[in-house]
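> Give the three-dimensional model of this entry:
(chains A and B)
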Amino acid sequence: MARLRLCVGALFACVLLTGNAAPAFAQAATPTPTPSATPAATPTAQPPSQDPAKPEPAPTSGAPAQASKGFNPDISVIGNFVAVAGKNPMSTQPPFQMSEVEMSFQAVVDPYARADFFLAAGPGGIEIEEGFITFTTLPAGLLVKAGKMRAAFGKVNTLHTHGMPSVDRPLVTDNLVGGEEGISDAGFSVSKLIPVGTTFLEATGEVLRGSSEVFQTDDRSRLNYIGRLRGYRDITESTNIDLGASIAQGPTDLGIRFPDFTTDPLRLDRRLVGVDATFRYRPLRRAIYRRLQLRTELIWSRQDLPAGAQTTAFGFYGLGEYQFARRWYIGGRFDQSERSYDASLRDTGGSVFLTFWPSEFSQIRGQYRRTNYAEGKEANEFLFQINFAIGAHGAHVF
Amino acid sequence: MRVLHRTFIAAALVGASLATPRAAAPLKVVTTTEDLASLTREIGGDKVEVTAFAKGYQDPHHVDPKPSFIIATVRADLLIAVGRELEIGWLPPLVTQSRNAKIQPGASGYLDASLTVKILEIPTGQITRAMGDVHPSGNPHYWLDPGNGRRMAQAIQQKLGELDAANKAYFAQRYADFSTRLAAAEKKWDAMMAPYKGTKVVTYHRSWPNFMDRFGLDVMGYVEPKPGIPPSPSHTIDLITAMKAQGVKLIVMESYFDAKTPQKIATETGGKVVTLAPSVGGEKAATDYIQLFEYNVGTMAAALKQVTGK
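Below is the predicted model of the structure:
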């Protein structure tokens, strides 16, 4: 423990002492001249200077000053409206629901860090979906995050609802990785880049508290550990491959009550192992009209059961999405997953979806979903979704 | 406590060694577009190593922030961006994931090339997204005016000189040389475009205000009903009517847009579609910043000659 503290201390000392900090201070001393000081008073009629050494001053330049708002974070609100019709004996999803309103606040904190907050309001109340600080200027190629965050386990777990290509999440996510909420928890994340030539390799290690949909405990010393290795490579300028392997280990002490088990407290762990692969095609000359993405995630879950027993469940999905016009996408997904506490129960399903993007800031999606539950029950549903965003233009990690 | 103290000193030493700038090695520069890369090569010569993200034939608004770009940012000494929110959808995650303190916004290795140029179409009054994908701080396609190219080159020269003081004179000399060559070329381009001053044209997207302004052409309409919104039948009909009424014959577009609607408009109006290079590398002949204008002015003058008969 003392050693860990030393390491953290050393890390922060490094940050503070790297010369990288200097330019920020230097800049404060010699402020960059704001060209907006060259006002409209110098009219555009000024003849272009032919003296090559002196470019004529830019007549209209600089951004309009908004001093009072200058330091406000980028704010955006994203609404997710979902409707469902059809039969599903295993679901209580209402016919219409404003299932989530996500508010995001993002800005640079100081020369060393940025902050990202995502608050999600839904039928269950308002909660911090994510809220973390990212130290962007650490030495040795490290990126450290602290706060509450979606864990770097596979692909789907890191995506916000509006980033999904379908209305729902795959069955394997629902059965083994905590569904919509997923593994999202408070803690630390450290990632390091290890580029090998033109291959991008990133290793991420996270330690979280153990209070997510998947991992829960009331014991402070039982934590949730996550590790991920991601490799990415451009095949051509239009195609690329993205591979990942993830592991998550943590307590599920409060996950389920076994009535016949009397010893208190329960100490039951779950280990998740995931492998993901994504292939993307986007011809650059036609980038706004055509795009293909193929993705699969395979996940194994080993859950402790009382009396030293264990159950190993497996699930996966295969997804394809194709953009066939500037504003239209079509996709399909195959789902199969066993259940985490009883691997003898296996659900399968399939979906097709069609998305129309009126603009970058809204999307309208229809999805047909068929699910065969292990209990022998069958569901046929039509889902409809409108995602809409106001405020700052978002940018997503690839 | 003593152990902690020692660790602190060790950390300080590591920190100090990391802060020492590499000497003599060429500056590693990453730019968001090929235009910025070309200008940086003009000024930096063999004292810089330049990597551009977006290709010239790619819509610079819609670029994937691919991890392969991150590799280039990790060791970069300088990042040059077009700014004015052109790259807002893809540059921020690249900068964050670069883990590179030098190129974070506000640091000495981050250069927004738009700060010293002439910006058009800065919206006044209330703006909303009902206007389409408007850029609140003005039109970001400003590099398509050679005057702005010179201003950008000068900003790059200053920045390179600041980061590599030993080669300041070298950068200044290369800037002067570039500026002279550009001035000579500008004279030629102005002469080529002079007969067509005041001619009205239509453009696909609002990418060309600086280019048209520089060469005295008048943009009377757009194929897109609003910035970033694809052509709609009703807008296309209105545009055709307006073009016929005003005798507008030329439609300017970029190769990354679908030519179907512009072609249809050209057929209806008896006009012509001309595809210009929006950036260096946008067409084969546009190999550098000066060649970009050689290509565009040449293509434009030929098309104008055809439609105006001048």
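
> What sits closest to the residue of the stretch 101-250 of chain A found nearest chain B if chain neighbours are left out?
Closest residue of the stretch 101-250 of chain A to chain B, Cβ to the nearest Cβ: A:Thr137 (3.3 Å). In short, each C-beta sits where N, CA and C put it, glycine included. The shortest distance from A:Thr137 to any non-neighbouring residue, by Cβ to Cβ, 6 or more residues apart in numbering or on different chains, is to B:Ala101 (3.3 Å).

> about what we covered before: just to be sure, the residue of the stretch 101-250 of chain A closest to chain B is in a strand?
No - counting by DSSP: H, G, I helix; E, B strand; the rest coil, A:Thr137 falls outside a strand, being coil.

> now it: how far from A:Gly244?
Distance, A:Thr137 to A:Gly244, by Cβ to Cβ, to the nearest Å: 26 Å.

> just to revisit the earlier point, so the residue nearest to A:Thr137 makes contact with A:Thr136?
Yes - using Cβ atoms under 8 Å, B:Ala101 is in contact with A:Thr136, at 7.2 Å.

> The residue nearest to A:Thr137: neighbour count?
B:Ala101 has 26 neighbours, counted by other Cβ atoms under 10 Å in any protein chain shown.

> for chain B, which helix is longest?
helix B:168-193 (DSSP state H).

> tell me the secondary structure for B:Ile156?
Following three-state DSSP, we place B:Ile156 in the helix state.

> so where do the helices sit in the stretch 201-310 of chain B?
B:209-214, B:233-246, B:260-269, B:289-308 (DSSP state H, counting those that start in this stretch).

> Please tabulate those helices in CSV, including the columns mean pLDDT, distance to A:Tyr317 and mean neighbour count.
As requested, those are exported to CSV (pLDDT from 0 to 100; distance: least, Cβ to Cβ, whole Å; neighbours: other Cβ atoms under 10 Å in any protein chain shown):
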stretch, mean pLDDT, distance to A:Tyr317, mean neighbour count
helix B:209-214, 98, 47, 21
helix B:233-246, 98, 39, 15
helix B:260-269, 97, 36, 17
helix B:289-308, 97, 46, 20
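
> I'd like to know which of those is closest to chain A.
With distances scored as Cβ to the nearest Cβ, the stretch of those nearest to chain A is helix B:209-214 (8.9 Å).

> from the middle of its chain, how far away would that closest one be?
14 Å (Cα atoms, centre = their mean, to the nearest Å).

> Show residues contacting it.
The contact list for helix B:209-214 (Cβ atoms under 8 Å, 6 or more residues apart in numbering or on different chains) reads B:118, B:120-121, B:139, B:141-148, B:201, B:203, B:218-219, B:276, B:296.

> domain parsing for chain B?
Chain B breaks down by automatic domain parsing into domains covering B:18-186, B:192-308.

> Same list (the ones you listed) but as a markdown table, adding distance to A:Gln93.
Listed next are the domains of chain B as a markdown table, based on distance: least, Cβ to Cβ, whole Å:
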| stretch | distance to A:Gln93 |
| --- | --- |
| domain B:18-186 | 31 |
| domain B:192-308 | 34 |
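
> Out of the ones you listed, flag the one nearest A:Phe132.
Judged by Cβ to Cβ, the one of the domains of chain B that comes nearest to A:Phe132 is domain B:18-186, at 11.8 Å.

> re earlier: buried set for the longest helix of chain B?
The neighbour-count check on helix B:168-193 (16 or more other Cβ atoms under 10 Å in any protein chain shown) flags B:170-172, B:174-175, B:178-179, B:182-183, B:185-186, B:189-190, B:192-193 as buried.

> Dig out what B:Ile251 forms beta bridges with.
B:Val202, B:Val273 (DSSP bridges).

> wait, A:Val144
A:Val144 has the following beta-bridge partners by DSSP bridges: A:Phe135, A:Val190.

> Distance from the chain centre to the longest helix of chain B, please.
Worked out by Cα atoms, centre = their mean, helix B:168-193 lies 18 Å from the chain centre.

> what ranges of chain A fall below the confidence cut-off?
A:1-68, A:255-265 (pLDDT under 70).

> Mind doing that once more with 80?
Applying pLDDT under 80 to chain A picks out residues A:1-70, A:254-266, A:395.

> Could I get the full set of helices for it?
A:2-17, A:22-29, A:171-176.

> how about the shortest one: buried residues?
Judged by neighbour count (16+ other Cβ under 10 Å), helix A:171-176 contains these buried residues: A:Leu171, A:Val172, A:Thr173, A:Asp174, A:Asn175, A:Leu176.

> now do stretch A:310-322
For stretch A:310-322, a neighbour-count test (16+ other Cβ under 10 Å) marks A:Thr311, A:Ala313, A:Phe314, A:Gly315, A:Phe316, A:Tyr317, A:Gly318, A:Leu319, A:Gly320, A:Glu321 as buried.

> excluding its backbone neighbours, what's nearest B:His205?
Counting by Cβ to Cβ, 6+ apart, B:His205 lies nearest to B:Glu224, which is 5.6 Å off, once chain neighbours are set aside.
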